[in-house]
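**Student:** When you get a sec, could you give me coordinates for this:
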Amino acid sequence: MHVERRLFSAAELGSENPLPLVGAPPETPYRITPPAPQEIIDGSRWGNPANLFPYQAQDAYSRIRTDRELLTVVLENDFLRAVFLPELGGRLWELFDKTANKHLLHTQRTIQFANLALRNAWFAGGVEWNIGTRGHSPTTCSPLHTGIVRTPDGHDVLRMWEFERLRGVVFQIDAWLPADSKVLLVQVRIRNPNPKEVPLYWWTNAAVPENPESRVIAPAGTAFASDYSNGISRVDPTDDDGIDCTWPTHNPRARDFFFDLAADQRRWILNADRDGDGVAMLSTERLRGRKLFVWGQGAGGTRWQEWLSPEAGPYAEIQAGLAQTQFQHEPMPSGAEWSWLEAYGNARLDPHLAHGTDWAAAIRHSESRVDELIDSTELASALTQARAFADLPPETILLVGTGWGALEAARRRANGWPWIDETGTPFSIESLSADQHPWLALLNGAEFTGAPSFVAGDDWEVLLERATPHPNATLHRAVMRHAVGETDAAAALYRETLRQATGQPLPRAHAHRGLALLALATATATATATEDGVADALAHYARACAALPASAPLLIEAATAAVRVGQPAAALRLIGRSHGGLERGGRVRFLTALALARSGHPAQAAAILKEGVEVADLREGENSITALWQEVCPQDEVPPQYQFSMH
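**Tutor:** Residues are numbered from 1 along each chain as shown. I've put the predicted structure just below:
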């Protein structure tokens, strides 16, 4: 194992969005209905969070890339080289097979953020660790605490860990590569220190090269397929309306295939190229689910791949998760500790058998090669070994993650609540930053005058209520009530903030924004928005933007809301009154064009689109630019750069 700085062509992530995430999450729950199995139906209706609070969005990136050095940790033996990116969610970025002289994962030199994750920012490639709820993890673009553990027999283990704020659990990733091993071994451990059961979600996503000669194989005759519009249905993955979907390039549109593995089936999925090479993704029994994701061969899927992987070629994803599908959460009991082992290597299939028309024969052959790579007994033994060193302290700290774990530890000590044994996963006081310092000070009895971040919990609200009156304390109490759906209490506290915050633009802007969201939710709760409610919401947004006229997040949210409720003129007024050149930003230019079109000025809208609009954080699958072009330029083909629809 060694550590090195590696040069990437990468965009800057930028600062976190200052607005609290009190609205619905981007990945809204699917409505799963019969004939789907009852287990999947029940799991899909439980544990879905109302929002992502107390996290904040990561949406300040652009598409301007420069050469950036990133910390990498390299595990290497005579067979494999594995490269991890601790600064970006601990991503396993590279897995290189030295014998075959091939990259087993979709690996690129470019890191381009785009709007696919729960907190917005995400990037393509490698193996990603997802926790929290359906969608790319809240931690996927954040640094993880990282260290090196020395085992009693003298081996080095890479350890990465973090406190996950949505569920209040601690996760830990231990990775090691024995000298004689043809597989990279990864133990995942999750601990729930809470006095109650929590809904748990975990999916490991591996991006793999996609080409016409690559096939994905998993040990199942059926799969639950989703096309992102009509729930899920059971299909034969080798013959879905005449298409063998196990070949990623055969799929005309974006699809998910959750393979229906039998309860006693060994857990694996793999990708096999023209030579039979590709990554095999194995695990012990707890990681039950297996999935294939494809972008599809349409213009939208192709454009998304170009958007995410400039010049790096197309990719598909093979994935493994706790539940059978990504629509479910698993109940994790209070005080529970769950762990499992994942293994990654090249199963080196015979391409004639792997690519043959007999699916059952392809599965049997693949399973035999997977067993040769590492059998179930060896995998179970490695998990036992990993559990033995799971609490050994890191000898060397390579990277300090966020300070939220350290703050949580202090909070639990102050309240006399149970916490984890931090011996193997220390949350040091040095990890605390400007995001946590105001909250730690409040915990220690100091006056609270504001914080750039947010926290959740009744105990925090009690501390704020007891603190010396301050508009920022009242504002944070309002946000906390808003986040848990107590709208009347939130509205009263937002109004109290306005009374207290005379001459203070920041709390006033946030309070007006909160009142705008509440008014908008009430006004649009029925099929037809009420005029008074809409007017009230837009008036609050106007006051919020006037208080902070150079705030891009606030302007974008307000103008978007105005267009959605049929008030494009209000959106144009908000944009016209903004400061700091916000009108030149890609998202604001698009909103200007959209508002002009809705105001009866299609020619002006068309002129903006023809001049060129690039929205760096366009949401995955968002079709708004295509739709607007078709509306205002009906005689012209949609330019390729605007074709993002995956359906």
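**Student:** Just the buried positions in the longest strand anywhere in the chain, please.
**Tutor:** The longest strand of the chain (DSSP state E) is strand 65-76. Neighbour-count burial for strand 65-76 flags 65, 70-75 (criterion: 16 or more other C-beta atoms under 10 Å). Backbone N, C-alpha and C define where each C-beta goes, glycine included.
**Student:** how about the strands in the stretch 1-150 of the chain?
**Tutor:** In order along the chain, the stretch 1-150 of the chain carries the following strands (DSSP state E, counting those that start in this stretch): 2-11, 65-76, 80-85, 91-97, 102-103, 110-111, 114-117, 120-122, 127-131, 145-150.
**Student:** strand partners of the second one, parallel vs antiparallel please.
**Tutor:** In this case it means strand 65-76. Under the criterion DSSP bridges, strand 65-76 sits next to strand 2-11 (antiparallel), strand 80-85 (antiparallel) in its sheet.
**Student:** quick one: contacts of the first one?
**Tutor:** Among residues not part of strand 2-11, those counted as contacts by C-beta atoms under 8 Å, 6 or more residues apart in numbering are 61-74, 76, 83, 109-113, 398.
**Student:** T468 contacts E447, doesn't it?
**Tutor:** Yes. Between T468 and E447 there is a contact under C-beta atoms under 8 Å: 5.0 Å.
**Student:** so can I have TSV of the strands of the stretch 1-150 of the chain showing distance to V169 and mean pLDDT?
**Tutor:** TSV is the format used below for these (distance: least, C-beta to C-beta, whole Å; pLDDT from 0 to 100):
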stretch	distance to V169	mean pLDDT
strand 2-11	28	97
strand 65-76	24	98
strand 80-85	21	99
strand 91-97	20	99
strand 102-103	33	98
strand 110-111	27	96
strand 114-117	19	97
strand 120-122	21	98
strand 127-131	8	99
strand 145-150	15	99
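**Student:** Make CSV out of those and add distance to S368.
**Tutor:** Formatted as CSV, the strands of the stretch 1-150 of the chain follow (distance: least, C-beta to C-beta, whole Å):
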stretch, distance to S368
strand 2-11, 35
strand 65-76, 27
strand 80-85, 21
strand 91-97, 19
strand 102-103, 21
strand 110-111, 38
strand 114-117, 36
strand 120-122, 36
strand 127-131, 24
strand 145-150, 34
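**Student:** and the residue nearest the centre of the chain, what does it touch?
**Tutor:** Closest to where the C-alpha atoms of the chain average out (C-alpha atoms, centre = their mean) is H136, at 2.1 Å. Contact analysis of H136 by C-beta under 8 Å, 6+ apart lists 116-118, 122, 128, 130, 205.
**Student:** wait, which of those is closest to V149?
**Tutor:** In terms of C-beta to C-beta, no member of these lies closer to V149 than E128, at 22.4 Å.
**Student:** does the closest one have beta-bridge partners, and which?
**Tutor:** N205.
**Student:** gap between it and A489?
**Tutor:** 38 Å (C-beta to C-beta, to the nearest Å).
**Student:** what do you get for L322?
**Tutor:** Per C-beta to C-beta, L322 is found 35 Å from A489.
**Student:** for A550, same thing?
**Tutor:** Distance from A550 to A489, by C-beta to C-beta: 31 Å.
**Student:** Please list all residues in contact with the residue nearest to R119 when sequence neighbours are not counted.
**Tutor:** Nearest residue to R119, sequence neighbours excluded (C-beta to C-beta, 6 or more residues apart in numbering): Q58, at 4.8 Å. Q58 makes contact with 13-14, 16-17, 113, 117, 119-121, 141-142, according to C-beta under 8 Å, 6+ apart.
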